[in-house]
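Asker: missing the sequence, but the structure's below:
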């Protein structure tokens, strides 16, 4: 158990809130020592590995529990699920090392990377807190992510840890007779790999001096500080909207040349969400109003939201003339809101981002595509609505059909909402779809409400994902986050502006285009997927060997007998 706790503790310390990133290079050594041992110590060795992994994930994700008491169950459930991966890592790497005679220096990074890829796709995916994310501040090293993505950095960190573990004298099957001996070749080969990666990183950062011909885009990111509560309070919601509007008016007054103001997720809703009416309005069965009264009330609220949009744009652009809007001198808004789309036989509810022109028109709309399980929907909740009665949610959200691109002052801006920025293959797919449609994104804009996490390390984990999305796609990334951490990130992953934790702030910046090519946009996660295939082969081999061993015991039946 000691080795597993050692790895779990050091790996936790390399993540927020401590952020002791150098520990990540040696944290997996405890698990790797268990991999190299001829026999695992103890009667239930994998139980010890699971305990170390479970405590690690509880500590890393403790912010999940803060929004509501019901989320304690989700915190424990998610930690228990993620515990499967360190157990599989030890088991599958032992198969590769002891059965296939593959060096741990090669087997460990391949299997770890493959399992991270699986984690990013299984059960809708969870790609936060990857091993490579611990190196968020090592910008030169991170540049290889434009080829291999964040998984490539995880591979490198595990390669170094495996090299250290290989040089630790541990008795293996092959050394049982002669005794353990030290080897030094892993240090030489790993040093060569790191030297090549650093050289690549320096070259790629130097090439960032070549920008696109686009003029700089002057932006202001609005960050309020409102922790999220589940109690429905219309007055509080309205006050949140009014405070964001006030901060935006101050930003427009202090920086009259600003072209874009960005609000976080849901902050524009206030006590009045967007309502879109598509065809005749059907009276819900539970409605206590007459059909005419219900339709009139819905129509009134839809018009009121339109007025709110126009009034906000007017306030920000007061003193500017309409002809200046066409010249790029008006202020555009990107805001997060809730959208209800009413159809004759269907009501859909979306988490959306809107682009509002200086004249007060909604010129772009994006519906969140990747919903958060148990946060924005309950599996099978559409078929069994009573499941929502067991949670603080009244109903689930629908997923959007496609990505969108907002046009602002000649820039194409691709929006994402909340945890979508943590899903590398989703953002890559959206960028490629938009490029194929002829609207190549010049920047990514993420609007998020992190008030759910009350200033915990979850904020830092999400910011790390945004840094990698910038490098992978070689575009600037703007993050507007309620309670933080808002940020302006360039295409090399450098954070130029950063908001406070659980504090109000307005970030001003001029962002510039980036015309560098990204191999990751082309090959995607194919290298990590190949690592996952290696994991699958090891798993099948291990199951087959286990089944064969059972057949040869008194508990099994040998073939032909």
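Answerer: The structure has been received and is ready for your questions. All of these numbers come straight from a predicted model, not from anything done at the bench. Residues are numbered from 1 along each chain as shown.

Asker: for the nearest residue to residue 235 once chain neighbours are set aside, helix, strand, or coil?
Answerer: Nearest residue to residue 235 in three dimensions, chain neighbours excluded: residue 271, at 7.6 Å (Cβ to Cβ, 6 or more residues apart in numbering). C-beta coordinates here come from the backbone N, C-alpha and C atoms, glycine included. Assigned state for residue 271: coil (three-state reduction, DSSP: H, G, I helix; E, B strand; the rest coil).

Asker: Tell me how many other residues crowd residue 271.
Answerer: 14 (other Cβ atoms under 10 Å).

Asker: so it touches residue 242, yeah?
Answerer: No. Using Cβ atoms under 8 Å, residue 271 is not in contact with residue 242, being 10.4 Å away.

Asker: just to revisit the earlier point, contacting residues for the residue nearest to residue 235?
Answerer: Applying Cβ atoms under 8 Å, 6 or more residues apart in numbering, one finds that residue 271 lies in contact with 234-235, 237-238, 241.

Asker: Would you map the helices across the stretch 451-561 of the chain?
Answerer: Using DSSP state H, counting those that start in this stretch, the helices of the stretch 451-561 of the chain run over residues 458-473, 519-523, 526-551.

Asker: Would you write a ChimeraX line that selects the buried entries of the contacts of residue 271?
Answerer: Buried members of those, defined by 16 or more other Cβ atoms under 10 Å, are picked up in ChimeraX with:
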select :237,241
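
Asker: Out of the contacts of residue 271, flag the one nearest to residue 52.
Answerer: Distance to residue 52 across the contacts of residue 271 (Cβ to Cβ) is lowest for residue 237, with 42.8 Å.

Asker: pLDDT value on the closest one, please?
Answerer: Residue 237 carries a pLDDT value of 94.

Asker: rewinding a little: any idea which of the helices of the stretch 451-561 of the chain is most buried?
Answerer: helix 458-473 (a mean of 26; mean count of other Cβ atoms under 10 Å).

Asker: list the contacts for the most centrally placed residue in the chain?
Answerer: By Cα atoms, centre = their mean, the chain has its centre lying nearest to residue 422, at 1.1 Å. By Cβ under 8 Å, 6+ apart, residue 422 lies in contact with 127-128, 461-462, 465.

Asker: Check the gap between it and residue 446 for me.
Answerer: 10 Å (Cβ to Cβ, to the nearest Å).

Asker: picking up where we left off before, with respect to residue 336, which of the contacts of residue 422 is nearest?
Answerer: Comparing the contacts of residue 422 against residue 336 with Cβ to Cβ picks out residue 462 as the nearest, at 14.9 Å.

Asker: per-residue pLDDT, the closest residue to that closest one other than its chain neighbours?
Answerer: Using Cβ to Cβ, 6+ apart and skipping residues adjacent in sequence, the residue nearest residue 462 is residue 422, 6.2 Å away. pLDDT for residue 422: 97.

Asker: Tell me how many other residues surround residue 78.
Answerer: Quick note: residue 78 (other Cβ under 10 Å) scores 19 neighbours.

Asker: got it, and the one 5 residues further on?
Answerer: Other residues within reach of residue 83 by the criterion other Cβ under 10 Å amount to 21.

Asker: swap in the one 3 residues further on?
Answerer: The local packing count at residue 86 equals 25, with neighbours defined by other Cβ under 10 Å.

Asker: Averaged pLDDT, stretch 69-79. What do you get?
Answerer: Here the average pLDDT along stretch 69-79 is 88.

Asker: Okay, buried residues for it please.
Answerer: Under 16+ other Cβ under 10 Å, the buried positions of stretch 69-79 are 71, 74-76, 78-79.

Asker: Centre of the chain to stretch 439-450, how far?
Answerer: Relative to its chain's centre, stretch 439-450 lies at 13 Å (Cα atoms, centre = their mean, to the nearest Å).

Asker: now swap in stretch 126-135 and tell me
Answerer: Centroid separation between stretch 126-135 and its chain, computed with Cα atoms, centre = their mean, is 9 Å.

Asker: try stretch 131-151
Answerer: Relative to its chain's centre, stretch 131-151 lies at 14 Å (Cα atoms, centre = their mean).

Asker: For the helices of the stretch 451-561 of the chain, give me JSON lines that also has distance to residue 12 and mean pLDDT.
Answerer: Putting those into JSON lines (distance: least, Cβ to Cβ, whole Å; pLDDT from 0 to 100) gives the following:
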{"stretch": "helix 458-473", "distance to residue 12": "12", "mean pLDDT": "98"}
{"stretch": "helix 519-523", "distance to residue 12": "28", "mean pLDDT": "96"}
{"stretch": "helix 526-551", "distance to residue 12": "24", "mean pLDDT": "92"}
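
Asker: right, and the ones you listed - which one's nearest residue 188?
Answerer: Per Cβ to Cβ, nearest to residue 188 of the helices of the stretch 451-561 of the chain: helix 526-551, 23.6 Å.

Asker: who are the neighbours of the closest one, in terms of helices and strands?
Answerer: In this structure, helix 526-551 makes packing contacts with helix 71-94, helix 104-121, helix 145-167, judged by 3 or more Cβ pairs under 8 Å, 6 or more residues apart in numbering; DSSP states H and E.

Asker: cutoff 10 Å now
Answerer: The contact analysis (3 or more Cβ pairs under 10 Å, 6 or more residues apart in numbering; DSSP states H and E) places helix 526-551 against helix 71-94, helix 104-121, helix 145-167, helix 424-436.

Asker: tell me what the longest one is packed against?
Answerer: Counting contacts by 3+ Cβ pairs under 10 Å, 6+ apart, helix 71-94 is packed against helix 2-14, helix 29-36, helix 45-60, helix 104-121, helix 526-551.

Asker: Centre of the chain to the second one, how far?
Answerer: Shown here is helix 29-36, whose average C-alpha point lies 29 Å from the average C-alpha point of the whole chain (Cα atoms, centre = their mean).

Asker: surely residue 16 meets residue 458?
Answerer: Yes. Under the criterion of Cβ atoms under 10 Å, residue 16 makes contact with residue 458 at 8.3 Å.

Asker: Mutual contacts of the two, please.
Answerer: With contacts defined as Cβ atoms under 10 Å, 6 or more residues apart in numbering, the residues shared by residue 16 and residue 458 are 60, 63, 129.

Asker: So which of the residues you listed is surrounded by the most neighbours?
Answerer: Most surrounded of the shared contacts of residue 16 and residue 458: other Cβ under 10 Å gives residue 129, at 25 neighbours.
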